[in-house]
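**Student:** Next one to model:
(2 chains)
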Amino acid sequence: MFEKNRTLIVIGTVIGIGFVILPFFMEGYWIRVITSIFMYGIITAALNIIAGYAGYAAFGNVVFFGMGAYTTALLMLRLGLVWWTGVLVGGIVGATYAVLLGSAILRLKGPYFAIATLGINRATEQIVINWGSFTGGGKGITLPLPQMEVKDFYGLIYYVMLGLLALTVLANLLVIKSRLGYALRAIRDNEDAAETSGIFAPRSKIMAWCLSAFFTSLAGGIFAYWFSFIEPATVFDISISVKAFVMMMLGGVGTVIGPVFGAFLIELISETIWGKFLTLHMLILGMIMVGVVILIPRGMVEIFKKKLTLAALWNRIKNQSV
Amino acid sequence: MNLQVILNGIFLGAIYVNVALGFSLAWGVMSVINVAHGTMIVIGAFVTFILFRTFAMDPFLSIPVSMAVLSIIGYFVQKYLVNLVVKMGLFLSLVLTFGLDLLLVNIVLLIFTGDYRSVTPSYSGTFFPLGKITLPYVRVAILLICILLTLSLQIFLTRTRTGNAIRATAQNREAAEIVGVNVAKIYAITLGISAALAGACGSLISMIQSFTPFEGGFFIMKAFIICVLGGLGNVWGVILGGLLLGVVETGGATVLGTGFQEGIGAIIMIIVLIFMPKGLVGLKSK
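**Tutor:** This is a model prediction of the structure:
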């Protein structure tokens, strides 16, 4: 099934090997930046499964990131488990949460689904905040510190994130080539027609969201171990999901590698250029989001396809027909 | 649960009706979920704050000013940004308004910093005792203004030419276009009105709570919940949803503790969505 993508696989492997040997030539700062890029790549690629293929606007997907982070933190702290067991259990907890919620709210269409996911994120965050005796509440929770050299620790996180990113991309590839992928895309284009032609939509959608949640939760768990301090305001921050949406749209919705590419581009620019302006950081992110939507709503491929001039934009505004 | 709690719930509910009124209008007419609506409310509060601080202007008198400022912002945001993508689906308009929200929050933050602000005219904190219950003057006035705004919107939508055009566009965009409605212009006017209502709401809220530039997310969540509870497309659904949320939150906070006030609404919304996907009064899904 991979024959058609042989060139892609080769390029992917080369880039992968590149990233594997990269840490030997880099300082700590760049390892941190690239690890953070990998993390957004995972979140975006995972989001792509439910939002890109199935067309369901899961704007509250960050809830799984928070679930994974908190499960890992609590398992390590309260039960003394090893970090990777915590991360794995976190992934399973997140996936289970998605199956339970999905069977209820994946029936909702369009904006109602988007709002329901936002509500679930808010409700979960509130539960974590109010259940302070167990979760540490609004002021956050500190994880046990890793028993190794700082340099080795950051290297470890780098490789774990890279491996998970590779797995998430592989999952995307497997989904898109499988019956599930065809079902999801049929659902995206016309759900009623898909059901008429024999696709059991609820199961497909739940499977897609479950996969998406699994990888997002794993990323959250690794993030918790990496930062060794988490608080509800950080790990349930809705702007993580929204950023992932922008990255996905920039790279190309519903493609395998596009969302990861979008994540690389935005997170690299974010960390290296406008991350330096502490007070303007979010302002510039807002401008990028508006700019991407207005100028290249169909993603980066559009840059090569049409003229991006002020005159062209002015024409669109003048001749707008909504 | 005593009378005072219910009354407080209604006072809170009146504010919530006002929070959701403009948001529901934009959603119902254009199918645009304006995530920046919450921050537009915050901007309204800051307009009142700055007028109160510099000119000692009475906060109630500053309502028209914040409505005017916000309606201009809303009109141009729709005309030059949202109109370009409104036809292209949910992802784009949601990400666009999220981006606008970030922009607006951070512009307000640059101007006013993140400090807590409040507007405290001389009569704030005074109340009218009525037997066992107390009626704070400010809250009563806010309730009256909310009723006034809601009625004005209803009359505008049903009795004026522009209002009829807005309702026609909401019902059927193509048909409205065929009979000569300039849909792009109507959309810009709709978001202008929606934002003006947010401005009025912000002015009112500035009198009853302290606020920072980051308060928008709190209001937008309330607007989501109210629209789900009450359904879209008419003013009465918003009134029902807003009052219900106000009473349930106040009652819930009394019974369970104030820490749960925020979560209650979100959980109710999810339950309603799961068990009554059509909303309490029959949700018009678009």
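
**Student:** What residues sit buried inside stretch B:82-94?
**Tutor:** Across stretch B:82-94, burial judged by 16 or more other Cβ atoms under 10 Å in any protein chain shown covers B:82, B:83, B:84, B:85, B:86, B:90, B:91, B:92, B:93, B:94. C-beta: built from backbone N, CA, C; applies to glycine.

**Student:** before we move on, what about stretch A:210-228?
**Tutor:** For stretch A:210-228, the buried set under the neighbour-count rule, 16+ other Cβ under 10 Å, comprises A:210-226, A:228.

**Student:** now do stretch A:147-162
**Tutor:** A:153, A:154, A:155, A:156, A:157, A:158, A:160, A:161, A:162.

**Student:** So which bits of the stretch 1-150 of chain A are right by chain B?
**Tutor:** Counting by Cβ under 8 Å from any Cβ of the partner chain, the residues of the stretch 1-150 of chain A lying close to chain B are A:51, A:57, A:59, A:104-105, A:107-112, A:114-116, A:118-120, A:122-123, A:126-127, A:129-130.

**Student:** List buried members of those residues by neighbour count.
**Tutor:** Among the residues of the stretch 1-150 of chain A next to chain B, those classed as buried by 16+ other Cβ under 10 Å are A:51, A:57, A:59, A:104-105, A:107-108, A:110-112, A:114-116, A:118-120, A:122-123, A:126, A:129-130.

**Student:** Can you flag which of those residues belong to helices?
**Tutor:** A:104-105, A:110-112, A:114-116, A:118-120, A:122-123, A:126, A:129-130 (DSSP state H).

**Student:** Can you name the two of those residues that sit furthest apart?
**Tutor:** With Cβ to Cβ as the measure, no two of these lie farther apart than A:110 and A:130, at 31.0 Å.

**Student:** center of chain A - which residue?
**Tutor:** The centroid of chain A falls nearest to residue A:43 when counting by Cα atoms, centre = their mean (1.5 Å).

**Student:** quick one: what helix or strand has that one in it?
**Tutor:** Assigned by DSSP states H and E, residue A:43 belongs to helix A:28-47.

**Student:** how about that helix: buried residues?
**Tutor:** In helix A:28-47, counting by 16+ other Cβ under 10 Å, buried: A:31-47.

**Student:** Does residue B:129 belong to a helix, a strand or coil?
**Tutor:** Using DSSP: H, G, I helix; E, B strand; the rest coil, the secondary structure recorded for residue B:129 is strand.

**Student:** Does the nearest residue to it once chain neighbours are set aside belong to a helix, a strand or coil?
**Tutor:** If the residues on either side of it in the chain are set aside, residue B:129 comes closest to residue B:135, at 7.8 Å by Cβ to Cβ, 6 or more residues apart in numbering or on different chains. Of the three states, residue B:135 takes strand under three-state DSSP.

**Student:** pLDDT below threshold where in the stretch 101-250 of chain B?
**Tutor:** Flagging of the stretch 101-250 of chain B using pLDDT under 70 yields the residue ranges B:233.

**Student:** If we use 80, what do you get?
**Tutor:** Applying pLDDT under 80 to the stretch 101-250 of chain B flags residues B:124-125, B:130-131, B:231-234.

**Student:** who in it is up against chain A?
**Tutor:** So the stretch 101-250 of chain B meets chain A at B:101-107, B:109-110, B:173, B:183-184, B:187, B:217, B:221, B:224-225, B:227-228 (Cβ under 8 Å from any Cβ).

**Student:** Skipping its backbone neighbours, what lies nearest the closest residue to chain B within the stretch 101-250 of chain A in space?
**Tutor:** Going by Cβ to the nearest Cβ, chain B is nearest to residue A:126 of the stretch 101-250 of chain A, at 3.4 Å. Nearest residue to residue A:126, sequence neighbours excluded (Cβ to Cβ, 6+ apart): residue B:263, at 3.4 Å.

**Student:** Run the chain-centre distance for the strand or helix carrying the one you found.
**Tutor:** Here residue B:263, judged by DSSP H and E, is contained in helix B:261-275. Relative to its parent chain, helix B:261-275 has a centroid offset of 19 Å by Cα atoms, centre = their mean, to the nearest Å.
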